[in-house]
Every structure is written in C-alpha cells, then in structure tokens.
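J.: predicted structure and sequence below. I'll ask about it afterward.
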Amino acid sequence: MIRRNQKFLTQLYMVADFLVIQLSFLAAWWIKFKSGWMESYNTLPVESYAYWSMIYGVVAVLIGILLSLYLPKRKKRFVDEFIKIFQVHIMSIFILLGLMFFVKEIDISRTYLAIYMGFNV
C-alpha cells in the first residue's frame, strides 16, 4: 500500500515539475515580450518558444529521474535538495542549448532564456 502510494506521489511530483516549468515559460515569455518592460523586436512566434519549453520540461524531468531527485527520502535537507534542483536545471539548459545549436535555432532571445532559468530554479 505504501509503495503504491509512493509511486503515485513520485509521478505526481514529476507532473508538477513539468507544469511548473511550463508556467515559468509563460511568465518569462510574458515578461520579455508582452509586458512592455523590455524592448523586443522581430520576435519568434510563441509556438516556437513553447516547443522548446516542452523539450526543456521533458529533459529536466528525465535528468531529475537520473539524479534521483524524485526518490523518496525520509530526512531531506533543504540545501541538498536545492543543490540537486540547481544541478538538474543547469544540466537541462546546457542540453537544451546544445539541441538548439544542433538544429541551428539562433533566434531565441537570450534575455528570455535567462528569465526562464531564473523562474525554473
């Protein structure tokens, strides 16, 4: 019973992380392109940014699984969990940037990526 519930809770954590990453995308995109707080011109459509955000979300969850972020631990130290989350997002952004370089996607705003990463961590 406990293992089944723990498995469900672990899956719920992964889905929640993916959804938070997508909310971070929306917030970063709005701040950069729609709020008027930052200058933007010749922007890509939101669908392009959403596509890369979906890829980033999947990569981040997969790296979280590989780094045992979702394994149950009875005693968690905040610092240890924060470091693990930071590692997941640093690795994920480098993989995303590598993929974007590989497919020659050069028009993504670097300011947007910085805001996006800040929200994700």
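T.: Looks like it came in fine.

J.: Met100 reaches Ser53, doesn't it?
T.: No. Taking CB atoms under 8 Å as the definition, Met100 is not a contact partner of Ser53, at 12.0 Å. To be clear about C-beta, it is placed using only N, CA and C from the backbone, and glycine gets the same treatment.

J.: and those two? Which one has more around it.
T.: Neighbours per residue (other CB atoms under 10 Å) separate Met100 from Ser53, with Ser53 holding more: 22 against 16.

J.: now do the strand or helix carrying Ala60: distance to the chain's middle.
T.: Here Ala60, judged by DSSP states H and E, is contained in helix 46-66. Its chain's C-alpha centre and that of helix 46-66 lie 6 Å apart, by CA atoms, centre = their mean, to the nearest Å.

J.: any regions of this protein where pLDDT drops low?
T.: The chain contains residues with pLDDT under 70 at 1-3.

J.: spatially central, which residue of this protein would that be?
T.: Ranked by distance to the mean C-alpha position of the chain (CA atoms, centre = their mean), the top residue is Ile21 at 4.3 Å.

J.: how about the contacts made by it?
T.: Contacts were defined as CB atoms under 8 Å, 6 or more residues apart in numbering; by that measure Ile21 touches Ser53, Tyr56, Gly57, Ala60, Asn120.

J.: list the residues that contact the residue lying closest to it once chain neighbours are set aside.
T.: Setting aside the residues directly before and after it, Ile21 is nearest to Gly57 in space (CB to CB, 6 or more residues apart in numbering), at 4.3 Å. Taking CB under 8 Å, 6+ apart as the contact definition, Gly57 lies against Asp17, Phe18, Ile21, Gln22.

J.: check contacts around the first one.
T.: With CB under 8 Å, 6+ apart as the criterion, the residues that contact Asp17 are Gly57, Ala60, Val61, Gly64.
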